[in-house]
Structure formats: structure tokens, C-alpha cells
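Student: Predicted model and sequence below, questions to follow.
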Amino acid sequence: MLTKNEVRAAIRFQNPPRPPRAFTKWWGEGLGEQYGSQLSRFDKYEEDVVVVPFPCPSFTPRDDGFYWRLPQIDRTKKVGHDANAALPDWADLPALLADLPNTDAPGLFDNAKRIADAAHAEGKYVLIHHWSLMYERIWNFRGMENLLMDYYDYPDEVHALHRAVADTENKLLLRAIRELQPDGYMISDDLGAQQALMMSPAMFREFIKPYYTETWGIAKEHDVDVWLHTCGCITDIIGDLIECGLSVLDPIQKHTMDWDKVAADWKGKIAFWVGMDVQDTLINGSPEDVRREVRLMRDTFDSPEGGFLYAAGNGIVGGTPIENIEAFLNEILVYGNE
């Protein structure tokens, strides 16, 4: 396992001994049910970061006030995200804005601190993490279809909701930095579909980029690397993400982005946390296909200075041959490290 400084060397182009491994054992839907205890055979493949979950405000009431003041709706419906929108009517926005989640609630970081302290004691890289930062969080409030129309129909309300989310996140991040002393801060926002962004680059720059810049700036001011998982084709805004302060970009999703072009345009300017193709190669290919792709990942994105990390592109799902998972993890271990 790499040390904290060796992981940082990869992210900051300071000649690491090898590419770090993070989220390579991302067990997705159905995999545990399929293989059960057989997955323990992969315990020998260590990750190079310690992932420390830190909390997001709940959508349901809590005694400590760490929740969004939202109308309570039936969340048992199984008819898609939009039907279960947490904020279905903009008329409820003022009540939410008037009483934001209590980010000073006691005990929020107790479990995270135990994990972080143990990792720090061993000199490991501590990566604090939660899913959904801005776009994903907002469409969880409004529903995705609603939000994409809101950009045009209710821009002031969208900005007000973004402001509330950013203010809450910023307070949580500052508290996490104080209590956990992280090396990295990882969040997600799936901004792309298979062929293009979920919105125009202009919409991204108006509604999301300013808040990324603000929140990520807090991390950078405290020497904390910023990691983003964002699925889909996001080629058109890689430069914007770098301007916002992003350190590590994942997964550079195969079949949505041209790996050679991305590497040619941005290599040396951002660390690529490249995900194994879980949509096709890992689930449908042979073990040799998998090994070949691992080699291609490193050959395309790595350099002696660093700037490359390994990952699974998303959760490795049920139906994936266990011998392909073995080939993926083993080839990472051996290729280029002989």
C-alpha cells in the first residue's frame, strides 16, 4: 500500500513509485448476492486510500436538526425519481431556506474520526467522501426532468437552492477539515450522458461552476485534493473543472469519451482516475480482454511524473465473471510494476 505522500505524488505529478489504486473493488448491485464470501479472495488486492464517509443532511426529520425542511411525501412509490421529488413545488422553497440543516449537530463525525485517526496513524492517504454535490443533489430535490426545465423557467429559484446547498456543504467541509484532517475530498455529480453533457456548457457555467469554484476553493486553501466522480461524456467542460480547482477526475468513461483526445488535451494538467469499463469489457469480455484494457489505461494516461490512478468505472455488478474481476485486479498489480 502506498503512503499518503506517495499517493499525493501521483496526484501532483511528483514522480510516484506506481499509480495508486482507489475504488478498484467497487462492488455494485447484485455482485455480493451472486458471489458472497467468494469476494474475500480479492482482499489481497489492497487499495491505496482510506475512504472516510462523511455525512450529508437527511431528507427526513432528525432530532439533531441535520436535515432539510421539506414537505413529507410518500417515498415508497416505485415510478422513477421525478415522481418522488423532495421539493415538488417551488412554493415550499422559502421554508427550506429559512431553516437550513444544523451542521453543528453533535456527533456527526464521530465514526469518521475513528477511521481517519487510525489511517493517519499509519501514514495513509485519507479521502473523505460522500455522493452528490450540486447537480445530483439539486435534481434529488426537484426531479431530473423538472430541474432541466427549471434552468430556463425558474433560474432564480434554482440559484437560491444551489446557494443553500453550497452554504451547507461549505460548513460541513470546513468542519470535516478541522476534525478529520483529510488529504482528499471526493464527491460525485454525474454531469454527462452517453454522448454529451446533461445540459449545455453554458448552463453548467451559469448554474454549477460558480458553486464548485467556491466549495473546492475551500479544500484547496487547506491543501486538500479535490476528487470528482462524474459519469458520461463531460469532454466539453474538463477545462472548466480544472479552473474550478479539480485535482482528480474519474472515470473518463469509455464509450462516452475519446481516451486518446482527452489524454492529448489534458495530460499533465489534471490527474486521471481512470475507470475500468464495467459496461462492456469487464462483464462481457474475456480475462485477456480485461488485461489488455488495463494495459491500455496505463499506456494512455500514465507518465513518469504521475497523474494517473486506477479505478472501476462504476460499481462492478452481478453477472460479471469472477475470473474477469481477478484479471482486472491482478493486471493492475503486475503491469508496469515488474
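Tutor: Right, received. Where do you want to start?

Student: wait, what's in contact with the closest residue to Leu31 other than its chain neighbours?
Tutor: Setting aside the residues directly before and after it, Leu31 is nearest to Gly318 in space (Cβ to Cβ, 6 or more residues apart in numbering), at 5.1 Å. The way it works is simple: take the backbone N, C-alpha and C, and place the C-beta from them, glycine included. With contact set as Cβ atoms under 8 Å, 6 or more residues apart in numbering, Gly318 has these partners: Gly28, Glu29, Gly30, Leu31, Glu33, Gln34.

Student: measure the third one to Ile322 for me?
Tutor: Meaning Gly30. Taking Cβ to Cβ, to the nearest Å as the measure, Gly30 and Ile322 are separated by 13 Å.

Student: Give me the outermost residue of the protein relative to its centroid.
Tutor: When distances are taken from the C-alpha mean of the chain, Ala91 lies farthest, 31.4 Å away, according to Cα atoms, centre = their mean.

Student: Model confidence for that one, exactly?
Tutor: Note on Ala91: pLDDT of 94.

Student: got it, and Asp82?
Tutor: pLDDT, Asp82: 62.

Student: One more: Phe23?
Tutor: Per the predicted model, pLDDT is 97 at Phe23.

Student: my read: it touches Asn314, true?
Tutor: No. Using Cβ atoms under 8 Å as the test, Phe23 is too far from Asn314 to be in contact (9.2 Å).

Student: Between those two, which has more neighbouring residues?
Tutor: For Phe23 and Asn314, the more surrounded residue by other Cβ atoms under 10 Å is Phe23, and the numbers stand at 24 against 20.

Student: which SS class is the spatially closest residue to that one that is not a sequence neighbour?
Tutor: Here the nearest residue to Phe23 in space, its sequence neighbours aside, is Ala311; by Cβ to Cβ, 6+ apart that works out to 4.6 Å. Secondary structure, DSSP: H, G, I helix; E, B strand; the rest coil: Ala311 is strand.

Student: Tell me how many other residues surround Ala311.
Tutor: When neighbours are counted by other Cβ under 10 Å, Ala311 registers 25.

Student: got it, and Ala263?
Tutor: Counted by other Cβ under 10 Å, the residues lying close to Ala263 total 20.

Student: Helix, strand, or coil at it?
Tutor: Secondary structure of Ala263, per three-state DSSP, is helix.

Student: Confirm for me that it is in contact with Asp299.
Tutor: No. Ala263 sits out of contact with Asp299 when judged by Cβ under 8 Å, with a separation of 9.7 Å.

Student: one step back: quick check: the residue nearest to Leu31 is in a strand.
Tutor: No. The assignment for Gly318 (three-state DSSP) gives coil, which keeps it out of a strand.

Student: Per-residue confidence at it, what does it come out as?
Tutor: Per-residue confidence for Gly318 comes out at a pLDDT of 97.

Student: For it, give me phi and psi.
Tutor: The main-chain torsion angles of Gly318 are listed as degrees, to the nearest 10 and equal phi -60, psi 150.

Student: Kindly report the same for the one 5 residues further on.
Tutor: Backbone torsions of Glu323, given as degrees, to the nearest 10, read phi -70, psi -30.
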